[in-house]
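> need a structure here:
(one chain, ligands or ions: 1)
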Amino acid sequence: MTRSLAWEDAALVAVDQCALPHEYRLLHLRTVDEVIDAINRLAIRGAPAIGVAGALAVAISAAQHTRNGQCDELAVRADARRIADARPTAVNLTWAVRRVAERIPQGAGAVLDEALVILAEDERLNLAVSEHTADLVLRLCGHRPLRLVTHCNTGRLATVARGTALGAIGLLAEAGHVEEVLFGETRPLLQGARLTAWELAEANIPHRLCVDSALPAALAAGMADCVLVGADRVCANGDVANKIGTYSLALAAHQAGVPFIVAAPMSTVDETLADGSAIVIEQREPDEVTTLAGVTIAPAGTRVFNPAFDVTPAELVTAVVTENGTYRPVGARREVAS
Ligand SMILES: CSC[C@H]1O[C@H](OP(=O)(O)O)[C@H](O)[C@@H]1O
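Next up, the predicted model:
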């Protein structure tokens with residue numbers, strides 16, 4: 001399995017996801033600002049991937065702020081805050097930054113060691129997420145070729161190597177249980193059309209692309225057996241923040257009686273938040289919506305609402321599956337209005 005992130009010669013090496021699908025380009029990032037910029041531009045994207053990148057950015061900071069074996073803790077902690085703030089919704093970023101920041105008093109080497117542990121364990125954890133998710137899909141839908149729906153990109157590009165929801169789809173396909181994957185383009189940054197299409201083609205998995213608003217219509221038309229998505233933050237009651245468009249997909253799946261499964265590692269679960277009302281939703285720049293491939297498509301001055309994520313209430317989620325299996329929310333799930 002090719003890795004999308006690596007640590008080589010004191011640099012974070014990452015597949016530039018902005019260049020795909022037309023160019024497979026590697027970034028070699030050696031400063032904190034370069035990593036933050038890559039996360040902001042979604043050159044590095046996907047909750048687990050930005051967590052790993054954030055951890056290694058703190059390690060870069062610790063090395064840069066070490067003189068005569070002494071690490072300037074205040075300077076590194078200031079960088080750690082900037083790194084954690086790069087994108088607010090995926091809890092993996094703050095989780096990873098906090099985890100490596102605990103090693104700052106032990107020096108730059110200890111910070112890097114912890115960041116490399118996070119890098120190394122990501123593949124194993126997300127393989128387990130994928131395996132448990134695939135098992136649940138087969139239990140719910142039967143051992144047959146399945147018509148699966150997914151959204152955004154949750155493959156190896158969004159993690160170090162394995163993926164989450166798309167990792168499960170890959171395992172199901174390897175076992176002959178995928179008839180076709182239907183997925184949305186994921187406006188405005190087109191993670192689906194650019195990245196999921198690229199990964200599914202690379203894996204030789206039958207797939208069809210559609211506009212995001214066609215996915216609920218496909219579910220209503222009985223075109224899907226199961227919906228599989230990733231997550232950026234799962235709250236204590238099971239509410240899920242994920243790419244914008246997930247909520248409408250969950251509503252459609254509920255209406256169609258189709259399982260709606262969320263695949264994510266435990267590093268995406270934030271039990272400090274009781275429910276989704278407290279999740280900070282990243283609001284992105286208007287020009288992502290008003291332009292397309294650099295061409296302005298909306299009249300000058302058009303006002304824009306461009307949230308990168310939405311929140312799906314737990315009652316619309318069939319299951320959240322982690323590396324430990326089905327996640328049991330520790331908080332109270334709201335009952336579905338009858
Ligand atoms: C396994 S990736 C999880 C999650 O992250 C993506 O967001 P973005 O492309 O903005 O980084 C998307 O919401 C995926 O479902």
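> Which parts of this structure are helices?
Assigned by DSSP state H, the chain shows helices spanning 32-40, 47-64, 73-84, 91-101, 108-141, 165-174, 197-202, 214-220, 246-256, 287-290.
> Export these as TSV, with columns for mean neighbour count and distance to the ligand.
Quick note: C-beta positions are derived from backbone N, CA and C, even for glycine. Converted to TSV, these look like this (neighbours: other C-beta atoms under 10 Å; distance: least, C-beta to the nearest ligand atom, whole Å):
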stretch	mean neighbour count	distance to the ligand
helix 32-40	20	9
helix 47-64	28	4
helix 73-84	18	15
helix 91-101	24	8
helix 108-141	20	8
helix 165-174	26	7
helix 197-202	18	12
helix 214-220	19	14
helix 246-256	21	7
helix 287-290	16	11
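> how about those in TSV, adding mean pLDDT?
Formatted as TSV, these follow (pLDDT from 0 to 100):
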stretch	mean pLDDT
helix 32-40	98
helix 47-64	98
helix 73-84	98
helix 91-101	98
helix 108-141	98
helix 165-174	98
helix 197-202	98
helix 214-220	98
helix 246-256	98
helix 287-290	97
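> can I get those helices in TSV with distance to L316?
As requested, the helices of the chain are exported to TSV (distance: least, C-beta to C-beta, whole Å):
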stretch	distance to L316
helix 32-40	29
helix 47-64	20
helix 73-84	29
helix 91-101	20
helix 108-141	15
helix 165-174	16
helix 197-202	25
helix 214-220	12
helix 246-256	4
helix 287-290	26
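> For A314, which of the ones you listed is the nearest?
helix 246-256 (10.1 Å; C-beta to C-beta).
> which other helices and strands contact the closest one?
For helix 246-256, the contact count by 3 or more C-beta pairs under 8 Å, 6 or more residues apart in numbering; DSSP states H and E identifies helix 214-220, strand 226-229, strand 260-263, strand 309-312 as packing neighbours.
> Neighbours of whichever residue of the stretch 51-200 of the chain sits closest to the ligand, how many?
Closest residue of the stretch 51-200 of the chain to the ligand, C-beta to the nearest ligand atom: A158 (3.5 Å). A158: 29 surrounding residues under other C-beta atoms under 10 Å.
> ok, now which ones touch it?
A158 makes contact with S4, R45, G46, A47, P48, A49, T164, L166, L195, G230, according to C-beta atoms under 8 Å, 6 or more residues apart in numbering.
> Please report the distance of the nearest residue to the fourth one once chain neighbours are set aside from N306.
In space, not counting the residues next to it along the chain, A47 is nearest to A90; the distance is 3.8 Å by C-beta to C-beta, 6 or more residues apart in numbering. When C-beta to C-beta, to the nearest Å is applied, the distance between A90 and N306 equals 17 Å.
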